[in-house]
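Student: Provided below are the primary sequence and the corresponding predicted coordinates.
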Amino acid sequence: MTDTITVDDYPARVTEKVRYADTDRQGHVNNAVFATFLESGRVAVLYDPHAPLAEPGSGFVIARLELDFRAEMTWPGDVVVGTRVATIGRSSVTLEQGIFQGDRCVATARTVIVSMDEATRRSRPLPESAITALTALIE
């Protein structure tokens, strides 16, 4: 991974507050909290109330999550979670994300998300409207 990753590399962004409760015995943010921050970024893209990507009766599930810890994250402060689309498949989308504290990238992730039919619990093709919206997030 390159060390020149910046928040500007990600077209979709959310800001989250680091809570004191997010820290562990060593005084840095616990590794499990990184995944929670990534979830906030994914949800902002996938379930935006003004532009939802899922059709009625469908949702999204994680099929794969790769998370690389790049630096320590500390309290207090905020983090920015950046999200972009890497690839779009028939029923899946691969997201790339970065977590930033200040100007420093503290983690990067690659997540495969699958569109799922809530009744059958099987994959379901992405609707054209979702593909159009996701295409706009390809960097």
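Tutor: Everything's here; your move. The structure presented is a predicted model; accordingly, all values stated were derived computationally and were not measured.

Student: so who does Ser91 touch?
Tutor: 114-115, 123-126 (Cβ atoms under 8 Å, 6 or more residues apart in numbering). In this view, the C-beta of every residue, glycine as well, is placed from N, C-alpha and C.

Student: what stretches of this structure score poorly on pLDDT?
Tutor: Along the chain, the model assigns pLDDT under 70 to residues 1-3.

Student: quick one: Ile62 is in a helix?
Tutor: No. Counting by DSSP: H, G, I helix; E, B strand; the rest coil, Ile62 is not found in a helix; it is strand.

Student: Helices of the protein, start to end?
Tutor: Counting by DSSP state H, the chain has helices at residues 31-46, 128-135.

Student: Please tell me how far the residue nearest the centre of the chain sits from Arg25.
Tutor: Among the residues of the chain, the one closest to the centroid is Arg42, at 3.6 Å (Cα atoms, centre = their mean). Note on Arg42: its distance to Arg25, by Cβ to Cβ, to the nearest Å, is 28 Å.

Student: With Arg110 instead?
Tutor: 29 Å.

Student: again, but for Glu72
Tutor: Counting by Cβ to Cβ, the gap from Glu72 to Arg25 is 13 Å.

Student: Please say which of these two ends up with more neighbours.
Tutor: With neighbours defined as other Cβ atoms under 10 Å, Glu72 and Arg25 compare such that Glu72 has more, 12 against 6.

Student: Rebuild the helices of the chain as CSV, extending it with distance to Asp8.
Tutor: Listed next are the helices of the chain as CSV, based on distance: least, Cβ to Cβ, whole Å:
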stretch, distance to Asp8
helix 31-46, 15
helix 128-135, 19
